[in-house]
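J.: Take a look and give me a structure for this.
(one chain, ligands or ions: 1)
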Amino acid sequence: MAEELKVSGGSKEEQYIALIPQIAALISGEKNLIANLANIAASLKQQFNFFWVGFYLAEDQELVLGPFQGPIACTRIKKGKGVCGSSWEKEQIIIVPDVEAFPGHIACSSLSKSEIVLPLIQSNKIIGVLDVDSDQYNSFDDIDAKYLNEILLLLNTTS
Ligand code: SME
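T.: Have a look, this model is predicted:
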């Protein structure tokens, strides 16, 4: 496991490209999902200083707050509710440029302005979501979707 994360500069894409092998090294050889999710959330926070970054994990018909970095957050989200519950139900990545324009958005913090949510898939089953929030509008695009998804796919190589 790497001793410390090397935070990189450059374009957003260059930053993801520099970060991904470091996350791969960080989680390789560790089978515990929660430990790996915790280090992924911390790595993303350290590199990009996102307002909020973390995981919700599926439990029956709800998502329950998992490892995260940022301000305190809602603990439970029902399937189909908010951006997280919609991403889970639709099994889709959802990019929200303006949270106020997303019907049913759950405001854990009034400072959050845009967000991206990706399904977390293990053994062909959605087990939760990754949620990244920004305090600026229009922070996320297809580059974030592509590379955040690559980061989630790394988890399939650890078990
Ligand atoms: N905004 C999310 C809720 C989670 S928090 O932002 C951390 C949603 O609408 O699902």
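
J.: C-alpha from now on. contacts and neighbour counts both.
T.: Will do.

J.: which residues does the closest residue to residue 139 other than its chain neighbours bridge with?
T.: With Cα to Cα, 6 or more residues apart in numbering as the criterion, residue 139 has its nearest non-adjacent residue at 6.3 Å, and that residue is residue 114. Counting by DSSP bridges, residue 114 forms beta bridges with residue 134.

J.: cool, the one 5 residues further on as well?
T.: Beta bridges link residue 119 to residue 129, judged by DSSP bridges.

J.: got a list of what it touches?
T.: With contacts defined as Cα atoms under 8 Å, 6 or more residues apart in numbering, the neighbours of residue 119 are 87, 88, 91, 92, 93, 126, 127, 128, 129, 130.

J.: The residue nearest to residue 139 contacts residue 96, correct?
T.: Yes - counting by Cα atoms under 8 Å, residue 114 does reach residue 96; the two are 5.5 Å apart.

J.: and for the two, which residues touch both?
T.: Residues touching both residue 114 and residue 96 (Cα under 8 Å, 6+ apart) are 138, 140.

J.: ok so, going back, got CSV for the contacts of residue 119, with neighbour count too?
T.: Putting the contacts of residue 119 into CSV (neighbours: other Cα atoms under 10 Å) gives the following:
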residue, neighbour count
87, 25
88, 29
91, 16
92, 14
93, 23
126, 15
127, 16
128, 25
129, 28
130, 25
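
J.: Just want the most central residue of this structure.
T.: residue 130 (2.9 Å; Cα atoms, centre = their mean).

J.: pretty sure residue 76 contacts residue 66?
T.: No - with contact defined as Cα under 8 Å, residue 76 does not count as touching residue 66 (10.0 Å).
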